[in-house]
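Enquirer: Sequence first, predicted model second:
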Amino acid sequence: MDLEIESSWKIRLEKEFSKPYFKKLQAFINNAYEESPYSIFPERHQIFRAFEACPFDKVKVVVLGQDPYPTKGHAHGLCFSAAPDVRPLPKSLINIFKELESDLGIKPPENGDLNHWAEQGVLMLNAILTVREGEPLSHKKQGWETFTDGVIQALGEKEEIVYILWGNGAIKKAESVDSSRNLVLSSSHPSPLGAYRSFWGSRPFSKANAYLKSFGSEEIVW
């Protein structure tokens, strides 16, 4: 596994890379890609894309996902985002776009690539950064969860961040976030199985922008 990661993140995560659990994770991932190079997603060079697209110093919003889409060609390193040529879009992403339109009146874009969010300071982080084709959560409990816990811990030195947590997994993942220094927006998952519970009408996009604006930070062009 290539450990080339954006420099501002590398400084803060260097200790994680040297820990025993990460060495085991690295061996597991290397073996997975070597055995099945076309069945592990995202592509190897995109594993740390969320960090490349959104350097530490630029983080204003954190969106937490579970693990990459397990469908070939969909995942490209940003949670919930889909590669530009993916048709039809993943159902969770379709629901995210529906809520965006309901919240801010923004029409669904032509594709599911959310890189423009990341470039504005939205860290789009999955709890688990790799997956085997057709097997959701196939790389759980291999060390990724510990690593991404370290990412959230590193973000603790910042404040006035918006955490958008969709689903119980994301909510639990961010339990350590200080809600007195940040805005935590929680709802059910946008998947068809969970959106009806509390995702619809949650208005995370306008709430995030209102919070950022209150601190003089530039709003996200969703």
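Expert: Received it, and whenever you're ready, just let me know what you need.
Enquirer: if I look at the residue lying farthest from the centre of the chain, how far off is Gly167?
Expert: Distance from the centre of the chain peaks at Glu35, with 26.2 Å (C-alpha atoms, centre = their mean). According to C-beta to C-beta, to the nearest Å, Glu35 and Gly167 sit 31 Å apart. No exception for glycine: its C-beta is placed from N, CA and C like everyone else's.
Enquirer: What strand or helix carries Ala208?
Expert: Counting by DSSP states H and E, the element that carries Ala208 is helix 204-214.
Enquirer: now that helix, how far from the chain's geometric center?
Expert: Relative to its chain's centre, helix 204-214 lies at 19 Å (C-alpha atoms, centre = their mean, to the nearest Å).
Enquirer: helices or strands next to it in the packing?
Expert: Under the contact criterion of 3 or more C-beta pairs under 8 Å, 6 or more residues apart in numbering; DSSP states H and E, helix 204-214 touches helix 91-104, strand 162-166, strand 183-187.
Enquirer: Tell me which of those sits most buried.
Expert: Each of the helices and strands packed on helix 204-214 was assessed for mean neighbour count using mean count of other C-beta atoms under 10 Å. The highest is strand 162-166, with a mean of 24.
Enquirer: got the contact list for Asn209?
Expert: With contact taken as C-beta atoms under 8 Å, 6 or more residues apart in numbering, Asn209 is in contact with Glu219, Ile220, Trp222.
Enquirer: Hmm, the second one is touching Trp117, no?
Expert: Right, the one you point to is Ile220. Yes: if you go by C-beta atoms under 8 Å, Ile220 and Trp117 touch, sitting 6.6 Å apart.
Enquirer: With neighbour numbers in mind, choose between those two.
Expert: Taking other C-beta atoms under 10 Å, Ile220 and Trp117 do not tie; Trp117 has more neighbours (22 against 17).
Enquirer: all strands for this structure, in order.
Expert: Along the chain, counting by DSSP state E, strands occupy 40-41, 61-65, 122-126, 131-132, 162-166, 183-187.
Enquirer: What mean pLDDT does the first one get?
Expert: Right, the one you point to is strand 40-41. When pLDDT is averaged along strand 40-41, the result is 98.
Enquirer: helices or strands up against the longest helix anywhere in the chain?
Expert: The single longest helix within the chain, with elements called by DSSP state H, is helix 20-35. With contacts defined as 3+ C-beta pairs under 8 Å, 6+ apart, helix 20-35 has these neighbours: strand 40-41, helix 144-154.
Enquirer: repeat that for 7 Å
Expert: Applying 3 or more C-beta pairs under 7 Å, 6 or more residues apart in numbering; DSSP states H and E, one finds that helix 20-35 makes contact with helix 144-154.
Enquirer: Show me the contact partners of the helix it packs on.
Expert: The contact list for helix 144-154, computed with C-beta atoms under 7 Å, 6 or more residues apart in numbering, reads 12-13, 16, 21-22, 25, 125, 127-129, 174, 176-177.
Enquirer: what's the farthest-apart pair in those?
Expert: By the measure C-beta to C-beta, Leu25 and Val177 form the most distant pair in these, at 23.5 Å.
Enquirer: Which one's more surrounded, these two?
Expert: A side-by-side neighbour count of Leu25 and Val177, using other C-beta under 10 Å, places Leu25 first with 23 against 19.
Enquirer: Now that one: closest residue in space, sequence neighbours ignored.
Expert: Nearest non-adjacent residue to Leu25, counting by C-beta to C-beta, 6 or more residues apart in numbering: Gly143, 3.2 Å away.
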